[in-house]
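Q: A predicted structure for the sequence below; I have some questions about it.
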Amino acid sequence: MVKGIRFNLENEGYQVDAGYNGRQAVDMARATEYDLIILDLMMPELDGLEACMEIRSFSSVPIIMLTARGEDTDKLLGFEYGADDYITKPFNILEVKARVKALLRRSSAPRRQEQEEESGKLSLGGLTIDSASRSTWKEGVPVELTAREFDLLELLMKHPQRVYSREQLLNQVWGYAYTGEYRTVDVHIRRLREKVEQDPANPALIRTKWGVGYYFAGE
């Protein structure tokens, strides 16, 4: 499977490094600044969740999780550990390439270069984001966000008071339609609140419009 994914991604022009267990994946992520990492949930030495959690302790690199399990609990658990996306096995390699492309489009170097030409930093409600460096601060203190979390926060902060439905957020942040996977948004919003809100149980910044969606209320 690793050889197949590598072959197809290299044919798309990507430079690919391959590892064959969770410990090797963590060591490689620590030694090299990758644009994206694909982890398999069922890896030897460290499983995908453990490897993802370790990588998240020192990096916000976008992570896609491969899993043979299709249950919502397994998918949501992957998000809880810091994964940005998931693909359920067996999969079509075209789906893998599409999701890699969509995630890189939101977080790769070309996107950062485009954002350097934009206004730069934006501050609202005690939060500051820098689109060029994809950095976030809460009352001046750096906040570590995953690629998806930053994309969500950036979109909401750039359009304060505008309510986005879960479907709209999936289309604009994930870059393609997730049929029926609206709980994915809820999990990422909850994790984002835990990092940026003073009281995540009573959010003052990222608010819910019941029956509609989410919006940024800070000023």
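A: Sure, I can see it. For clarity, every value in this text was computed on a predicted model and none was experimentally measured. Residues are numbered from 1 along each chain as shown.
Q: use CA for all of it now, contacts and neighbours both
A: Noted.
Q: residue boundaries of the strands in the protein?
A: In the chain, the strands defined using DSSP state E lie at 37-40, 63-67, 85-88, 121-124, 127-130, 135-138, 141-143, 206-209, 213-216.
Q: so what secondary structure elements neighbour the last one?
A: In terms of contacts (3 or more C-alpha pairs under 8 Å, 6 or more residues apart in numbering; DSSP states H and E), strand 213-216 is packed against helix 147-158, strand 206-209.
Q: Please apply the same query to the fourth one.
A: Taking 3+ C-alpha pairs under 8 Å, 6+ apart as contact, the helices and strands that strand 121-124 lies on are strand 127-130, helix 147-158.
Q: would CSV of the ones you listed with mean neighbour count and distance to M28 be doable?
A: Compiled in CSV, these are given as follows (neighbours: other C-alpha atoms under 10 Å; distance: least, C-alpha to C-alpha, whole Å):
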stretch, mean neighbour count, distance to M28
strand 127-130, 21, 27
helix 147-158, 21, 19
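Q: Tell me which of those approaches I38 most closely.
A: Of all the helices and strands packed on strand 121-124, the one in closest proximity to I38, counting by C-alpha to C-alpha, is helix 147-158 (13.9 Å).
Q: any idea how far the closest one is from the chain center?
A: Here helix 147-158 shows a centroid-to-chain-centroid distance of 10 Å under the convention C-alpha atoms, centre = their mean, to the nearest Å.
Q: which other residues reach that helix?
A: Contacting residues not belonging to helix 147-158 are listed as 60-62, 84, 106-107, 122, 124, 129, 131, 134, 136, 162, 169, 173-174, 188-189, 191-192, 215-216 [C-alpha atoms under 8 Å, 6 or more residues apart in numbering].
Q: Over to stretch 76-87?
A: Outside stretch 76-87, the residues touching it (C-alpha under 8 Å, 6+ apart) are 49-50, 52-53, 56, 62-67, 75, 96, 146-148, 184, 187-188, 191.
Q: out of those residues, which are buried?
A: When the contacts of stretch 76-87 are checked for burial by 16 or more other C-alpha atoms under 10 Å, the buried set is 49-50, 52-53, 56, 62-67, 75, 96, 146-148, 184, 188, 191.
Q: Low-confidence stretches in this protein?
A: For the chain, residues meeting the criterion pLDDT under 70 lie at 69-75, 107-119, 176-181, 219.
Q: State the distance from A51 to A25.
A: Here the criterion is C-alpha to C-alpha, to the nearest Å. By it, A51 lies 7 Å from A25.
Q: go on, G4?
A: Using C-alpha to C-alpha, one obtains 18 Å as the distance from G4 to A25.
Q: swap in Y164?
A: To A25, Y164 is 36 Å away according to C-alpha to C-alpha.
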